[in-house]
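Trainee: for reference, the sequence and a predicted model appear below.
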Amino acid sequence: MPYYVYRITQPTPIMKSLALQSIFETYPDARQAVRGLRMNAAVDDSATYKLVHAASELEAETLLQTPREKPVLMEWEK
């Protein structure tokens, strides 16, 4: 399965805008590309860069659009 690198902007709290930057076959190459994009981003750029391991581009975008559940805090963790 390939690794997808995305640039994510979030103009509103509900909507995410995804832009595919590149596709890699190996993790080290993808990780290096994401780190390079993050380091070279402008200071005032509010975009985030994420790496996703998925079977297809559609699955990668679905994973990025799906909100994560908040973890359940136990009493002693509060």
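Mentor: Great, that's in hand.
Trainee: could you say what helices and strands the host helix or strand of Val52 packs with?
Mentor: Per DSSP states H and E: Val52 is located in strand 48-53. Strand 48-53 is packed against strand 3-9, helix 27-40, helix 57-65, with contacts defined by 3 or more Cβ pairs under 8 Å, 6 or more residues apart in numbering; DSSP states H and E. C-beta coordinates here come from the backbone N, C-alpha and C atoms, glycine included.
Trainee: recalculate using a threshold of 6 Å.
Mentor: If you count contacts as 3 or more Cβ pairs under 6 Å, 6 or more residues apart in numbering; DSSP states H and E, strand 48-53 packs onto strand 3-9, helix 27-40.
Trainee: what's the distance between Lys70 and Glu57?
Mentor: Taken as Cβ to Cβ, to the nearest Å, the spacing of Lys70 relative to Glu57 amounts to 28 Å.
Trainee: compare the two (neighbour count), which wins?
Mentor: Ranked by neighbour count (other Cβ atoms under 10 Å), Lys70 and Glu57 place Glu57 first, with 15 against 6.
Trainee: if we can go back for a sec, what about dumping the CA coordinates of the strand holding Val52 to CSV?
Mentor: Provided in CSV are the C-alpha atoms of strand 48-53 (Å, rounded to 0.1, in the frame of the first residue of the first chain):
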residue,chain,number,x,y,z
THR,A,48,-0.9,21.1,8.3
TYR,A,49,0.8,18.3,6.5
LYS,A,50,-0.1,14.7,7.1
LEU,A,51,1.1,11.3,6.0
VAL,A,52,-1.5,8.5,5.5
HIS,A,53,-1.0,4.8,4.7
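Trainee: quick one: contacts of it?
Mentor: 1, 3-8, 30, 34, 37-38, 60, 63 (Cβ atoms under 6 Å, 6 or more residues apart in numbering).
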